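**Student:** Here is my input, please return the structure:
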Amino acid sequence: MLIRLVCVLLAFGAVPLFAQQQRCVELNHLALPGIAIRSATPVPAGAFGPAGVAPRAVPAFCRVVGTFLPELGFELWLPDQWNRKYVGVGNGGLAGNIVYTAMFDPLNRGYAVGSTDTGHVGANTNDGTWALGHLDRVINFGQRGIHVMAMADKAIIKAHYGAHPVHSYFEGCSYGGKQALTEVQRYPVDFDGVIAGDPANWWTRHYSGAHLWIAQALEGDAYIPANKVHVIAEAVNAVCDALDGLKDGILNDPRRCHFDPAVLQCRSGAPPGGNYTDSSNCLTAAQVDAVRKIWNGPRDAEGQQLYPGIERGGEAGPGGWAQWITGNGPGRGGHFTLGLPFMKYVVYEDPNWDFRTFHYDGAPGFESDVEYTDDKLGRIFNAIDPDLRPFRASGGKLIQYHGWSDPDIPPANSINYYETVVRRTSRDATYALRDTKEFYRLFMVPGMQHCAGGPGPSRFDALTALEQWVEQNRAPEQITAAHVTNGQVDRTRPLCAYPQEAKYKGAGSPDDAANFVCALP
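**Tutor:** Residues are numbered from 1 along each chain as shown. All right, here's what the predicted structure looks like:
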């Protein structure tokens with residue numbers, strides 16, 4: 001009776017506060033197969049922050065905490081003033097937590113918004129102990145978690161509002177970007193529109209070809225301390241910054257930069273002011289070799305590229321190499337701290353596994369450790385299927401973006417996947433890109449590090465672009481991005497649908513997006 005009354009009131013555009021609160025509380029008694037509602041609590045408009053999260057301004061909403069049995073936890077926030085749409089948000093690292101920080105913006109836009117821990121609780125997003133002896137958790141994390149969350153959320157939304165969402169969206173970056181592409185490939189009708197940011201979609205190769213490759217490259221004397229990162233960054237910019245026509249600290253397309261780190265090698269017996277055998281303004285021979293390995297990526301004995309390397313440019317800054325590659329000491333960079341737990345507890349199922357024993361080439365007649373990892377877990381984790389016809393047929397739209405200065409997930413991985421989809425979409429190469437862009441567009445972000453930050457404009461509204469594409473058939477040719485310093489926008493640039501890039505018109509401020517045009521390189 002209450003649901004019927006609420007639906008009538010909704011039709012007239014108003015629901016009394018007591019009715020909103022009451023229908024939220026009644027969700028505590030909702031019975032849905034396989035779903036346990038742990039709590040449903042009205043949250044008043046004002047400052048709100050779950051435990052451990054800084055409070056932010058929110059509208060009034062119903063906070064639902066639930067479990068998809070037996071142990072996949074999720075939260076769903078249901079705004080009193082609902083826009084009749086739903087968005088799911090992705091995870092980072094090895095998940096194990098509800099991503100509250102990603103839920104605030106959709107909630108403030110009027111979305112019902114959901115997040116999941118993917119079926120396990122970790123001490124932090126890089127903890128892998130939860131996986132040992134639990135294949136069910138590995139599968140939930142690797143491929144089922146978002147799908148299950150979406151099913152549960154939509155059922156609760158229907159019970160709460162008396163209506164299904166008119167549109168459903170998903171957005172995520174890093175592992176969340178991988179989750180996005182998993183949804184598109186495995187569960188193509190879950191969401192009408194999907195945003196995949198900096199995706200680690202070739203998951204097994206990312207762990208073997210980036211995390212472990214870089215951890216091994218920095219072993220022993222090859223370790224590069226964080227105070228040398230600026231030397232690499234400044235040298236790259238000095239040679240390659242102006243290749244795109246502007247000297248602005250941003251490489252439009254780092255693939256055009258072929259800077260050789262050998263010029264930074266320290267020289268024995270250098271004169272005053274020169275580079276000595278080892279100092280903070282030069283690299284040792286071992287460090288030069290490490291930089292080459294990081295930029296080139298791994299190859300097998302036949303020279304086959306196993307996974308792309310990190311691109312040149314954008315090395316400096318708090319979200320650059322100092323966080324992901326060097327860390328604040330040996331074994332403390334993000335590649336090391338992310339790579340080892342997964343390899344120990346999921347791949348080898350051995351807490352004492354030594355990363356130094358990983359081999360990129362197998363003995364004659366035997367598979368390499370790269371192939372072993374692919375064979376064991378690729379079918380669970382990898383989202384590299386280029387056949388997106390079911391998603392396209394359902395009317396789905398996909399926006400993917402990747403920072404060119406990402407020091408975690410190689411940007412070329414996104415380009416490689418996009419190009420495989422283009423080739424698969426149409427047999428006629430003349431129309432393949434055009435046909436792909438009808439439902440899938442890639443935006444490379446010059447100067448953006450991993451999901452955010454870096455010297456380039458990295459703040460942009462992909463969700464609005466996706467809404468306009470899905471709801472109004474206005475495909476995004478470009479998206480305006482902003483660079484912010486101390487809370488103030490100091491530069492804007494257009495992000496262009498690949499393979500186009502932003503070209504300066506030759507007049508006006510280079511810090512104003514209006515003075516750029518999207519064009520082929």
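
**Student:** the helices in the stretch 301-450 of the chain, which residues?
**Tutor:** 321-324, 334-342, 369-381, 389-393, 411-425, 429-437 (DSSP state H, counting those that start in this stretch).

**Student:** starting at the chain centroid, how far to the third one?
**Tutor:** Its chain's average C-alpha position is 21 Å from that of helix 369-381, according to C-alpha atoms, centre = their mean, to the nearest Å.

**Student:** Ok, the longest one next?
**Tutor:** A distance of 16 Å separates the centroid of the chain from that of helix 411-425, by C-alpha atoms, centre = their mean.

**Student:** buried stuff in that helix?
**Tutor:** Pro411, Ala412, Asn413, Ser414, Ile415, Tyr417, Tyr418, Glu419, Val421, Val422, Thr425 (16 or more other C-beta atoms under 10 Å). Where you see a C-beta, it was placed from the backbone N, CA and C, and this is true even at glycine.

**Student:** Dump those to JSON lines, plus distance to Glu234 and pLDDT.
**Tutor:** As requested, the buried residues of helix 411-425 are exported to JSON lines (distance: C-beta to C-beta, whole Å; pLDDT from 0 to 100):
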{"residue": "Pro411", "distance to Glu234": "21", "pLDDT": "98"}
{"residue": "Ala412", "distance to Glu234": "24", "pLDDT": "98"}
{"residue": "Asn413", "distance to Glu234": "27", "pLDDT": "98"}
{"residue": "Ser414", "distance to Glu234": "27", "pLDDT": "98"}
{"residue": "Ile415", "distance to Glu234": "27", "pLDDT": "98"}
{"residue": "Tyr417", "distance to Glu234": "32", "pLDDT": "98"}
{"residue": "Tyr418", "distance to Glu234": "32", "pLDDT": "98"}
{"residue": "Glu419", "distance to Glu234": "32", "pLDDT": "97"}
{"residue": "Val421", "distance to Glu234": "37", "pLDDT": "97"}
{"residue": "Val422", "distance to Glu234": "36", "pLDDT": "97"}
{"residue": "Thr425", "distance to Glu234": "42", "pLDDT": "91"}
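
**Student:** which pair in those residues spans the largest distance?
**Tutor:** Pro411 and Thr425 (21.5 Å; C-beta to C-beta).

**Student:** Surely Tyr418 touches Leu442?
**Tutor:** Yes: applying C-beta atoms under 8 Å, one finds Tyr418 in contact with Leu442, separated by 4.5 Å.

**Student:** Overlap in contacts, these two.
**Tutor:** Gln400, Tyr498 (C-beta atoms under 8 Å, 6 or more residues apart in numbering).

**Student:** So what touches stretch 78-86?
**Tutor:** With C-beta under 8 Å, 6+ apart, stretch 78-86 has contacts from 15, 17, 20, 24, 59-64, 107, 109-114, 153-154, 156-157, 160-161, 163, 165-169.

**Student:** Pull that stretch out as PDB, backbone CA atoms only.
**Tutor:** Once non-C-alpha atoms are left out, stretch 78-86 reads as follows in PDB (Å, rounded to 0.1, in the frame of the first residue of the first chain):
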ATOM      1  CA  LEU A  78      19.000   6.000  -3.000                       C
ATOM      2  CA  PRO A  79      18.400   9.800  -3.200                       C
ATOM      3  CA  ASP A  80      15.000  11.100  -2.200                       C
ATOM      4  CA  GLN A  81      15.000  13.300  -5.400                       C
ATOM      5  CA  TRP A  82      15.800  10.500  -7.900                       C
ATOM      6  CA  ASN A  83      16.700  11.300 -11.500                       C
ATOM      7  CA  ARG A  84      15.300   7.800 -12.500                       C
ATOM      8  CA  LYS A  85      18.800   6.600 -13.400                       C
ATOM      9  CA  TYR A  86      21.400   4.300 -11.800                       C
END
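
**Student:** Identify each buried residue in that stretch, please.
**Tutor:** Buried residues in stretch 78-86 (16+ other C-beta under 10 Å): Leu78, Pro79, Asp80, Trp82, Asn83, Lys85, Tyr86.

**Student:** got a list of what Glu419 touches?
**Tutor:** Glu419 neighbours (C-beta under 8 Å, 6+ apart): none.

**Student:** repeat for the one 5 residues further on
**Tutor:** Contact partners of Arg424, counting by C-beta under 8 Å, 6+ apart, are Pro386, Asp387, Leu388.

**Student:** Mark which of the residues you listed are buried, thanks.
**Tutor:** Looks like the contacts of Arg424 have Pro386, Leu388 buried, using 16+ other C-beta under 10 Å.

**Student:** can you redo the contacts of Arg424 as a markdown table with distance to Gly297 and pLDDT?
**Tutor:** Below are the contacts of Arg424 laid out as a markdown table (distance: C-beta to C-beta, whole Å; pLDDT from 0 to 100):
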| residue | distance to Gly297 | pLDDT |
| --- | --- | --- |
| Pro386 | 21 | 98 |
| Asp387 | 26 | 97 |
| Leu388 | 26 | 98 |
